[in-house]
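Asks: need a structure here:
(chains A and B)
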Number of protein chains: 2
Amino acid sequence: MHSSNNSQPMRTAITPTRSVDYPEWYQQVIKHADLAEISPVRGCMTIKPWGYAIWEHMQRIMDDAFKAIGHQNVYFPLLIPLSFMQKEAEHIEGFAKECAVVTHHRLAKDAEGKLQPASPLDEPYIIRPTSETIIGEAFSRWIQSYRDLPLCINQWANIVRWELRTRIFLRTTEFLWQEGHTAHAMADEAMIEARRMLDVYTEFAEETLAMPVIQGEKSASERFPGAVNTYCIEAMMQDNKALQAGTSHFLGQHFSRGFDIKYLSQAGMEEFAWTTSWGTSTRLVGGLIMTHSDDDGLVLPPRIAPLHVVILPIIHKDVDRDSILAYCEQLKAALQQMTYDNRALRVQIDMRDLAGGEKAWHWVKKGVPFRVEVGKKEVEAQSLFVGERCLPYKERYTQSMQAFVATISSKLATLQKTLLERARTRQMQYTKIITTKKDFYDFFTEGEGGFAVAHWCGDANIEAQVKTDLSVTIRCLPFAMQGQPGTCIFTGKLSAQPAIFAKAY
Amino acid sequence: MHSSNNSQPMRTAITPTRSVDYPEWYQQVIKHADLAEISPVRGCMTIKPWGYAIWEHMQRIMDDAFKAIGHQNVYFPLLIPLSFMQKEAEHIEGFAKECAVVTHHRLAKDAEGKLQPASPLDEPYIIRPTSETIIGEAFSRWIQSYRDLPLCINQWANIVRWELRTRIFLRTTEFLWQEGHTAHAMADEAMIEARRMLDVYTEFAEETLAMPVIQGEKSASERFPGAVNTYCIEAMMQDNKALQAGTSHFLGQHFSRGFDIKYLSQAGMEEFAWTTSWGTSTRLVGGLIMTHSDDDGLVLPPRIAPLHVVILPIIHKDVDRDSILAYCEQLKAALQQMTYDNRALRVQIDMRDLAGGEKAWHWVKKGVPFRVEVGKKEVEAQSLFVGERCLPYKERYTQSMQAFVATISSKLATLQKTLLERARTRQMQYTKIITTKKDFYDFFTEGEGGFAVAHWCGDANIEAQVKTDLSVTIRCLPFAMQGQPGTCIFTGKLSAQPAIFAKAY
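Replies: The predicted structure follows:
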């Protein structure tokens, strides 16, 4: 099925391919890897075992990083009183259109025997679209003195935002995320914290997801509702669109004033605290897919892969079964003695009664870094028939069990590095410095698009015009280009630094 | 503050004590250990860092146990269409009164500028009170053939049930839980699964929480809405009331028929699958508190304690600071080399600038198993001043650092065992075999109560009468007493086996 020869194009496991129809390819990768599915609940998804296992690995690694710098996990209520949402004007303005509203707390049968919402609530509740307000109320009670600061917490939670256009993992009505919230005595401490968490996200994206990102600040129009500054990391997908992969907000004293978060300073003065919040979500799974996957399906960086090696017993005759399975078990045990990323290797034997090719392609599409086929021949030769996810399927090779086990950890480390480098090269290839408005419009209408690095004077009208004309937005004002003034390509006015423009998810 | 002498009663850290006002003592233990607080959202709680850390340890240990037997984690939507809830008649009957209903998906300002729910939904959504229905819909699509069975999944999620009377951790409008859902080809496989998960819960309750439980089956009136059988584990709290600590349901084909979960059997016939579900929740934190804690606050079994040892530097003169802190760091490093429960010991140095007694009591109330005070004297003698949570505060002792480090792992193991034995002894002490109706009524009105083991003929009217008269319910028909027929103490009729009656949370 998946063979090729010189005269025919290679068949791929995923139809359509990336170049034919990228959005549909994305859906098909998710379907074939069995990561998640659209649920019958409007705009929501069901995350299936393989997708959830990836998310669990993301959670564990990020959670360890948060705890290592002293953040503690908590859990706040799902439901937020409507009155709380209104205490910060920009905040409610930004979220009003996306709020799911709980208005009743009971069902009862109507005259026709049909169940209907009964018992209206005195005050409606909003299902949290984010938790600054309910956490702000708690902070106002928890914080009394400078001794209570900094206060650094995080929660892993579900979020509901009634989005009109949804796309699995990337934008769903309900999603899973972590949201960190901190309060500080001084403005600069809060700013440093917001930047520090962006660094934590950056390291996670690059070192764990092998997804290179650009750090920067959002323009005013793209800020989180209620934030003074929003910092972000932006990644480039394989269709050259940007994906916002994480945000960190310096909230100034907006929420402190809204919720009366005050502390008694060392000097004995009552002061408003300075707060931050920062979040990443299951959208990262979408970013992971679109950064590495190919026309044969998912590709997983080893640090996040639920399995590092899958062992495929290939049994043609029943008489060989016991020896083949014993050999597979021996291999599994040997591999589990090895470590990668300071943990035991994750290994599974696929015992299903399927043809070898079918089994192998199952795991290709799921992105497992290494597949090992074991038949009678391999047992006799004490060898393995190895397939690597990032080599063409045909380039499987025979290796001794001993050599495979001895080198697997370093191979995984190399793969992790290679995936990051590959993605970084791609990102650089499609990032262009643009110096005229014409080149800018051409870049997004005639070429393959990508990240346009261009000077912009800060005029929000220009930003809005570009969005209307090209569906292109300012992804960020990159930190790396701060202090590089120039001339706005749209107005000829002074620009403090270049911005990165792109089409985005 | 906490001293005592022979003529005065010992002061306790928690007021009131258990014997004076048990419910208020429970609230005060939670407050002093800073585990959680009542939130401004009706009936909901905010779980604070120390409480959440306990829950995280529970999650990790249970999750490992589920995965070890092949269950996979998934995530289903929070919102359930009203029409789904109605597909199983008993199910909706049981939950209708507790449903939080989402009716709108937008907020907009009314004529007076007040924000109001806008954009009504075509069909209301229920915030999941449990997920059998939404998972049933998915199972009907995921399951086609006997090859797809058994299907064993679990999710960690938040749940909303609009309870009228709430009590922190034990019964809250929103709570956190895990819910497992499985589908099987044969009825007996599903029954075995439901029982197996009850065994997993039992082992967790006893070996991890050191909370002895009784396994049994619920009477019909106490079954989960839509279940054929509900199995449960019941623990005894220190006020002799019962706490249902986990349930596992054999759902028969109720949900399969409601949601059309069919499979093609090996014989080529279309059959309905047999399903189970099982859950435990943050209520276990409440059970943990009420099983072990005393009049000085929380007591934690080592397996679940966020910290095993807290080190308290006692610095009277600034000149001693460096040597004391260096000694504390040395101790911390040595302890972290030790393991308990196959993991490194969890150790923290409390660097706060507080008086020694205040610091020590802080950790007594939080239930940390071992406290180690280190002052100038200890540094000079290479010793430690050790306090054990389960010894009276006054009985602190001096030990060499070497001896403490060498014995800490076995001391923790002993403590874990001791707590279980202590609770088991208590449970046995307050479990009485009752043979007459008069003794039964006396047991619950005149004595200290507890678990009454009594024959019951199965008449639901008797059960209801007892509930009305005494607020006593049948906790379970214990498995251990199956096949022990007798005479019903209420009616004189035949009883298949004794039941356990108790007042309950």
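
Asks: Model confidence at the spatially most central residue of chain A, what's the number?
Replies: Nearest to the mean C-alpha position of chain A, by C-alpha atoms, centre = their mean, lies A:Leu284 at 0.9 Å. A:Leu284 is assigned a pLDDT of 98 by the prediction.

Asks: A:Ser7 too?
Replies: A:Ser7 is given a pLDDT of 48.

Asks: just to revisit the earlier point, contacts only, for the residue nearest to the centre of chain A.
Replies: Applying C-beta atoms under 8 Å, 6 or more residues apart in numbering or on different chains to A:Leu284 gives the contacts A:58, A:205, A:209, A:245-246. The way it works is simple: take the backbone N, C-alpha and C, and place the C-beta from them, glycine included.

Asks: where does the stretch 201-350 of chain A come near chain B, residue by residue?
Replies: Contact residues, the stretch 201-350 of chain A versus chain B (C-beta under 8 Å from any C-beta of the partner chain): none.

Asks: And the residue of the stretch 201-350 of chain A closest to chain B?
Replies: Residue nearest to chain B within the stretch 201-350 of chain A: A:Thr282 (8.5 Å; C-beta to the nearest C-beta).

Asks: cool, and the stretch 151-300 of chain A?
Replies: A:Trp162 (4.3 Å).

Asks: quick one on the thing from earlier: the contacts of A:Leu284 in strands, which ones?
Replies: A:245-246 (DSSP state E).

Asks: Could you give me the ChimeraX selection string for whichever of the contacts of A:Leu284 are buried?
Replies: Filtering these down to the buried ones (16 or more other C-beta atoms under 10 Å in any protein chain shown) takes a single ChimeraX command:
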select /A:58,205,209,245,246
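
Asks: neighbours around A:Gln72, how many?
Replies: Residues lying near A:Gln72 (other C-beta atoms under 10 Å in any protein chain shown) number 17.

Asks: Mind pulling up the pLDDT for the residue lying closest to it once chain neighbours are set aside?
Replies: Nearest residue to A:Gln72, sequence neighbours excluded (C-beta to C-beta, 6 or more residues apart in numbering or on different chains): B:Pro49, at 3.7 Å. On the pLDDT scale, B:Pro49 is placed at 98.

Asks: is chain B contacted by the top strand by length along chain A?
Replies: Ranked by residue count, the top strand of chain A under DSSP E comes out as strand A:115-127. Yes: Strand A:115-127 reaches chain B (C-beta under 8 Å from any C-beta) through A:115, A:117, A:124-127.

Asks: Pretty sure A:Lys109 sits against A:Gln116.
Replies: Yes: counting by C-beta atoms under 8 Å, A:Lys109 touches A:Gln116, with 7.4 Å between them.

Asks: ok so, going back, B:Met58 versus the residue nearest to A:Gln72, what's the distance?
Replies: 15 Å (C-beta to C-beta, to the nearest Å).

Asks: any idea which element A:Glu373 lies in?
Replies: Assigned by DSSP states H and E, A:Glu373 belongs to strand A:370-374.

Asks: What pairs with that strand, parallel or antiparallel?
Replies: strand A:309-313 (parallel), strand A:383-388 (antiparallel) (DSSP bridges).

Asks: With mean neighbour count as new columns, can the ones you listed be given to me in JSON lines?
Replies: Compiled in JSON lines, the strands paired with strand A:370-374 are given as follows (neighbours: other C-beta atoms under 10 Å in any protein chain shown):
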{"stretch": "strand A:309-313", "mean neighbour count": "24"}
{"stretch": "strand A:383-388", "mean neighbour count": "21"}
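
Asks: and of those strands, who's closest to B:Gln429?
Replies: Proximity to B:Gln429 (C-beta to C-beta) singles out strand A:309-313 among those, at 53.5 Å.

Asks: any idea how far A:Gly447 is from A:Phe440?
Replies: 11 Å.

Asks: Which of the two has more residues huddled nearby?
Replies: A:Phe440 (21 against 12).

Asks: Relative to A:Gln336, how far out is that one?
Replies: 54 Å.

Asks: ok, back up a step: what inclination does the next helix or strand along the chain from the longest strand of chain A have with respect to strand A:115-127?
Replies: Using DSSP H and E, the next helix or strand after strand A:115-127 towards the C-terminus is helix A:132-142. Here the directions of helix A:132-142 and strand A:115-127 differ by 60 degrees (axes from the mean of the first three to the mean of the last three C-alpha atoms, to 10 degrees).

Asks: For the stretch 1-150 of chain A, which segments are assigned as strands?
Replies: A:36-38, A:45-47, A:72-73, A:79-81, A:101-109, A:115-127 (DSSP state E, counting those that start in this stretch).

Asks: and what of the stretch 351-500 of chain A?
Replies: So, for the stretch 351-500 of chain A - with DSSP E, counting those that start in this stretch - the strands run A:370-374, A:383-388, A:397-400, A:431-433, A:451-455, A:473-478, A:486-487, A:494-495, A:498-502.

Asks: Go through these and name the closest to A:Pro81.
Replies: strand A:473-478 (33.3 Å).

Asks: same question for the closest one, mean pLDDT?
Replies: Computed over strand A:473-478, the average pLDDT equals 98.

Asks: Show me what it is packed up against.
Replies: strand A:213-217, strand A:229-236, helix A:460-470, strand A:498-502 (3 or more C-beta pairs under 8 Å, 6 or more residues apart in numbering or on different chains; DSSP states H and E).

Asks: how does it look with 7 Å?
Replies: Counting contacts by 3 or more C-beta pairs under 7 Å, 6 or more residues apart in numbering or on different chains; DSSP states H and E, strand A:473-478 is packed against strand A:213-217, strand A:229-236, strand A:498-502.

Asks: Run me through the strand neighbours of it, direction for each.
Replies: Strand A:473-478 has these strand partners (DSSP bridges): strand A:213-217 (antiparallel), strand A:498-502 (antiparallel).

Asks: and the angle for it with helix A:460-470?
Replies: 130 degrees.
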